[in-house]
Structure formats: structure tokens, C-alpha cells
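Enquirer: Sharing a model prediction with you, sequence too.
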Amino acid sequence: MPRKPRFYVPGMPVHLVQRGNNRQAIFFDVEDYQAYLGWLKEAAEKYSCQIHAYILMTNHVHLLVTPEQSDGISKMMQYIGRYYVPYINHTYCRSGTLWEGRYKASLIDEDSYLLTCMRYIEMNPVRANMVDHSADYTWSSYHANAEGKDDGLIMQHDLYLALGKNNEERHEHYLKLFKTHLDEGLMTGIRAAWHSGTPLGNNRFREEVEQVLNQKVGYDHQGRPKKNN
């Protein structure tokens, strides 16, 4: 079966997920997380991609990215894989693939879903019962977005900047978002979108994306979604 093509629109945010092969670990020690973030930063700068949110879990990664060019995300992910996979194989005396096939991705209707998607990403370790609060997890953009810690990676989206007149107000309003639980229906929609590669938004948003791309981009799978973080 031929691979389903991916389509990206310059200036439009993308939520992407990459898992370890057979859901096995892709990070084993502190140095591994640091190495991945280093290459992510290099790749994002090299290929003009803005990182708005991220989480590095033991066996998978979530990124929220806005590319400036249509091929920016593909090149960014290829760059990371070109360095990170050999690094892991060499460090841990292993061979073969690290990733579970290609990464999954969906375009995001920023007006309706960008801040929700940021929360979804940064709350991953809480849903996985690894920590009680997002602030307790180290390898996350939460510390930049909610606490103002500069990790040299996060580029703030205009919708985030609109949360307040200054950084203090933005952090305060962003923190308030984490005091309520994410709606289960919203989480289901986010999961279904990146699983299927379907734009996350209403029918109008999908139609607009298809008009820009002059290409059908698919629709969510029917039936109960798989349980994933």
C-alpha cells in the first residue's frame, strides 16, 4: 500500500507525534533527552520551524510546530533522525530502527485548538500518571510557557502572546488553563486527528486547507479511537 502523502501549509501549526518501535523506549538517560532537544533546536533553526510546545516521554514525542516553508517539518524530522538514531544505536550497542514507522501529524486550526493542543501535549505525563502536575516533569515546554524559563527552543505563538500585555500576565493566564481538566471530547478529537493525519478543526477549516493545497486531506476514522497519550 502506498504511503499516505503529507501536506503542510506555511504559517499553519502542526501537531506531530513520533513513537518508539513497538512502543519501546527512545530515551534511556538524561543525556538522551538533552541530545534530542539539542538536535531539535538545530533542525528547527536550520529549516525555519517554530516550536510552540513539546513533550519528551519515555517512548514517544509530541511537538507543536509552525513551519515557514511547506517542506520545513519533513526536513526537520529527517535531520533529527539522521543524528539521534545513530547516537542511540552507538551509545547502547543496538542496531536497527528506533521509530515506529513515520511520525504522525495533523494541521491545527489555531484559533480553536492551538492553546488546547499545547495543554494536551504538556499534560501527557499527568495523564500517564508519571507526575501529579505538569510542572513536575522535566522534559517539557511547560516550564517555558507557564513559568517563563528560557530553554532556547520555544517560539511563542501570537495566540499565546495575546494572553496578556506582558510575560507575567501571560504566564498567569496560561497557568489558569491547567487548573481545569481537558474535555474528553476534545482529547478524543486531537487523538483522532493525529492518528489519521486529518486537519484538526471544523468542516470549514478542512475545506480551507483543501483549497489551499488543492488536495483532499482525508477525514477522521470512524468508530472508537485507540487509547493513546
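Expert: Good, I have the coordinates. Numbers count the residues shown, from 1 in each chain.
Enquirer: how would you label the residue positioned nearest the centre of the chain: helix, strand or coil?
Expert: Among the residues of the chain, residue 63 comes closest to the average C-alpha position under C-alpha atoms, centre = their mean, at 1.9 Å. Following DSSP: H, G, I helix; E, B strand; the rest coil, residue 63 is assigned to strand.
Enquirer: how close does the residue sitting furthest away from the middle of the chain sit to residue 42?
Expert: Each residue of the chain has a distance to the centre, and by C-alpha atoms, centre = their mean the biggest one is for residue 93: 28.7 Å. Per C-beta to C-beta, to the nearest Å, residue 93 is found 25 Å from residue 42. Just so you know, the C-beta spots here come from the backbone N, C-alpha and C atoms, and that holds for glycine as well.
Enquirer: in this protein, which spans are helices?
Expert: 30-46, 72-91, 110-122, 124-127, 142-145, 158-161, 167-177, 184-196, 203-213 (DSSP state H).
Enquirer: which one of these is the most hemmed in?
Expert: For those, average neighbour numbers computed from mean count of other C-beta atoms under 10 Å are highest in helix 142-145, which has a mean of 24.
Enquirer: For residue 134, give me its contacts.
Expert: Contact analysis of residue 134 by C-beta atoms under 8 Å, 6 or more residues apart in numbering lists 122, 123, 125, 126, 140, 142, 146, 178.
Enquirer: could I get those residues as TSV with distance to residue 208?
Expert: Putting the contacts of residue 134 into TSV (distance: C-beta to C-beta, whole Å) gives the following:
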residue	distance to residue 208
122	27
123	29
125	34
126	33
140	31
142	31
146	31
178	30
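Enquirer: What is the least confident helix or strand in this protein?
Expert: helix 203-213 (a mean of 76; mean pLDDT, DSSP states H and E).
Enquirer: quick check: angle from that one to helix 110-122?
Expert: Interaxial angle, helix 203-213 versus helix 110-122 (axes from the mean of the first three to the mean of the last three C-alpha atoms, to 10 degrees): 100 degrees.
Enquirer: quick check, distance from helix 203-213 to the centre of its chain.
Expert: 21 Å (C-alpha atoms, centre = their mean, to the nearest Å).
Enquirer: With stretch 102-112 instead?
Expert: 8 Å.
Enquirer: for stretch 141-155, same thing?
Expert: So, by C-alpha atoms, centre = their mean, the centroid of stretch 141-155 is 15 Å from its chain's centroid.
Enquirer: buried set for it?
Expert: 141, 142, 143, 144, 145, 146, 153, 154 (16 or more other C-beta atoms under 10 Å).
Enquirer: Low-confidence stretches in the protein?
Expert: 1-6, 215, 217-229 (pLDDT under 70).
Enquirer: my guess is residue 128 meets residue 57, correct?
Expert: Yes - the pair residue 128 / residue 57 is scored as a contact, 7.1 Å apart, by C-beta atoms under 8 Å.
Enquirer: The two: which has the busier surroundings?
Expert: Neighbour count, other C-beta atoms under 10 Å: between residue 128 and residue 57, residue 57 has more, with 21 against 12.
Enquirer: Distance of the residue nearest to the more buried one when sequence neighbours are not counted relative to residue 84?
Expert: Counting by C-beta to C-beta, 6 or more residues apart in numbering, residue 124 is the residue found nearest to residue 57 once chain neighbours are left out, at 5.9 Å. Using C-beta to C-beta, one gets 19 Å for the distance from residue 124 to residue 84.
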